[in-house]
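Student: Have a look at this fold, sequence not included:
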């Protein structure tokens with residue numbers, strides 16, 4: 001079974017300095033039908049105005065992934081990490097027993113456009129952790145590249161969650177087929193462009209939620225970037 005959730009069905013918040021689309025219930029947006037999918041709890045598509053950002057705030061017992069599309073996201077945390085995340089990179093922060101961090105767009109004339117992704121941890125009360133890696137476009141061209149996993153397989157960032165995250169770029173005649181493991185859920189998030197997912201056309205911001213499907217087919221892309229999550233049922 002595959003269920004589609006269109007971009008315009010998401011929650012939206014406009015804070016002036018921050019414009020955010022919420023795939024699942026978050027902050028002031030609440031929809032009991034959309035509280036998460038498997039162990040995927042949050043996908044926020046955020047745009048941060050130049051010279052603004054999230055001040056220091058705390059998290060615990062959550063796996064947080066940042067995926068930048070445009071601009072740069074400056075990160076600083078209580079573990080001593082101070083990095084800027086740019087397109088092509090994936091950052092993972094394990095909040096564990098507790099971490100405080102801030103995120104800012106220090107650019108003078110460009111908004112930062114990024115995805116904020118939260119996954120429920122496999123184990124609570126772990127030591128906080130941080131990892132950041134770049135994944136070249138060539139490794140994602142016409143295929144799904146593993147970028148986050150429980151064991152850091154294939155050079156992906158490792159996370160304390162029973163999930164795997166893939167990223168892919170598709171255009172023209174490029175296509176990709178992947179067998180889906182039984183007893184799992186699959187979530188497809190269209191980052192940008194257009195792509196056909198198991199015969200259904202998706203555009204930027206759309207999602208496909210798959211349960212009890214044997215395979216995933218991606219094809220007929222138009223400058224498409226996509227994220228695919230393999231999740232706990």
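Tutor: Great, that's in hand. Small disclaimer: the values here were computed from a predicted structure and weren't measured.

Student: who does the biggest strand by length in the chain pair up with?
Tutor: Ordering each strand of the chain by length in residues (DSSP state E) puts strand 215-231 first. Based on DSSP bridges, the pairing partners of strand 215-231 within the sheet are strand 164-172 (antiparallel), strand 176-179 (antiparallel), strand 185-197 (antiparallel).

Student: Any idea how far that strand is from the middle of the chain?
Tutor: 13 Å (Cα atoms, centre = their mean, to the nearest Å).

Student: do the same with stretch 72-82
Tutor: Computed by Cα atoms, centre = their mean, the separation of stretch 72-82 from the middle of its chain amounts to 18 Å.

Student: now swap in stretch 139-146 and tell me
Tutor: Per Cα atoms, centre = their mean, the displacement of stretch 139-146 from the mean C-alpha position of its chain is 15 Å.

Student: What's the mean pLDDT across it?
Tutor: Averaged across stretch 139-146, the pLDDT comes to 98.

Student: looking at it, residue 40 is touching residue 229, isn't it?
Tutor: Yes - the pair formed by residue 40 and residue 229 meets the contact definition of Cβ atoms under 8 Å, at 5.7 Å. Placement of C-beta: from N, CA and C, glycine included.

Student: Next, show the common contact partners of these two.
Tutor: Counting by Cβ atoms under 8 Å, 6 or more residues apart in numbering, the common neighbours of residue 40 and residue 229 are 163, 187.
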